[in-house]
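1. Below are the sequence and a predicted model for it; my questions follow.
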Amino acid sequence: MVVQLVQEAVVKVLLHNQALVKMKRIVLFLLVVINFQLTFSQSKINDLLKKHNKNTIPYISAQQLFNLKGSYILLDAREFKEFNVSHIKNGIFVGYNDFNLKKTINSILPNKKDTKIIVYCSLGIRSEDIGEQLLKSGYTNIYNLHGGIFDWKNNGYPILNKYNQPTEKIHAFNKEWSIWLKKGIKVYE
């Protein structure tokens, strides 16, 4: 009887260990797939930005912005309806279609032309245009958020709604561009 109980206990331990090995393999496989998707997606975003941008404004990654110490001004170069659905903490709405350089300089930006300014939009295309206008106005320390708010969200960083409360909803701009947004709840209105 004791031998049989010991044998059953050994079998249970072996089965448990086999299950753990299988689980470890599944987790490892999922990590490889996720890493591949993020790497593949990042290279595709690079291709998209090369196609649409002139690379006149240096990029800052979502991770670099998230870990950034010191003072900077964060400008949101999307439309107001996009900003209301989702924005990055401390992002200041400046718009794109109705962007007013003079108003932005007079009411948001300091006279100190070397102030660090980071501009973002959905992917980093419109924000480069706004960054170029700031550059032409004499500002010298401007960065474009690589992959925009989509990459920010894809990296798991927090997004806020119009009440500055955390949200999973993110304005996806349109169906064509929304393919770059992998996380969150896509909103188009």
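-> Sure thing, it's come through. Residues are numbered from 1 along each chain as shown.
2. Indicate each strand paired with the helix or strand hosting residue 92 and its parallel or antiparallel sense.
-> If you go by DSSP states H and E, residue 92 is part of strand 91-93. According to DSSP bridges, strand 91-93 forms sheet pairs with strand 73-76 (parallel).
3. ok, back up a step: contacts for the strand holding residue 92, please.
-> Outside strand 91-93, the residues that touch it by C-beta atoms under 8 Å, 6 or more residues apart in numbering are 73-76, 78, 80, 83, 87, 108, 120. Every C-beta, even on glycine, is put in place using the N, C-alpha and C of the backbone.
4. What is the least confident helix or strand in the protein?
-> Across the helices and strands of the chain, mean pLDDT, DSSP states H and E gives its lowest value to helix 2-52, namely a mean of 63.
5. which is the next helix or strand following that helix?
-> In N-to-C order, the element after helix 2-52 by DSSP H and E is strand 59-60.
6. Pull the residues that contact that following strand.
-> For strand 59-60, the external contacting residues (C-beta under 8 Å, 6+ apart) are 68, 118, 124, 143-146.
7. Quick check: what element follows that strand along the chain?
-> helix 62-66.
8. buried sites along that next one?
-> Using 16 or more other C-beta atoms under 10 Å as the test for burial, helix 62-66 gives 62, 65.
9. who touches it?
-> Helix 62-66 has contacts (C-beta under 8 Å, 6+ apart) with 74, 88, 118, 145-147, 151-152, 154-155, 157.
10. make it 10 Å
-> For helix 62-66, the surrounding residues in contact (C-beta atoms under 10 Å, 6 or more residues apart in numbering) are 72, 74, 88, 118, 120, 143, 145-158.
11. mind checking how far the closest residue to residue 147 other than its chain neighbours is from residue 105?
-> With sequence-adjacent residues excluded and distances taken as C-beta to C-beta, 6 or more residues apart in numbering, residue 147 is closest to residue 45, at 5.0 Å. To residue 105, residue 45 is 30 Å away according to C-beta to C-beta, to the nearest Å.
12. what residue is smack in the middle of the chain?
-> Nearest to the mean C-alpha position of the chain, by C-alpha atoms, centre = their mean, lies residue 152 at 1.1 Å.
13. just checking, it is part of a helix?
-> Yes: assessed with DSSP: H, G, I helix; E, B strand; the rest coil, residue 152 lies in a helix.
14. In contact with residue 143, which residues?
-> So residue 143 contacts 57-61, 64-65, 68, 72, 74, 116-120, 127, 131 (C-beta under 10 Å, 6+ apart).
15. cool, residue 54 as well?
-> By C-beta under 10 Å, 6+ apart, residue 54 lies in contact with 128-129, 132.
16. Next: residue 95.
-> Residues near residue 95 by C-beta under 10 Å, 6+ apart: 75-80, 82-83, 103-104, 126, 130.
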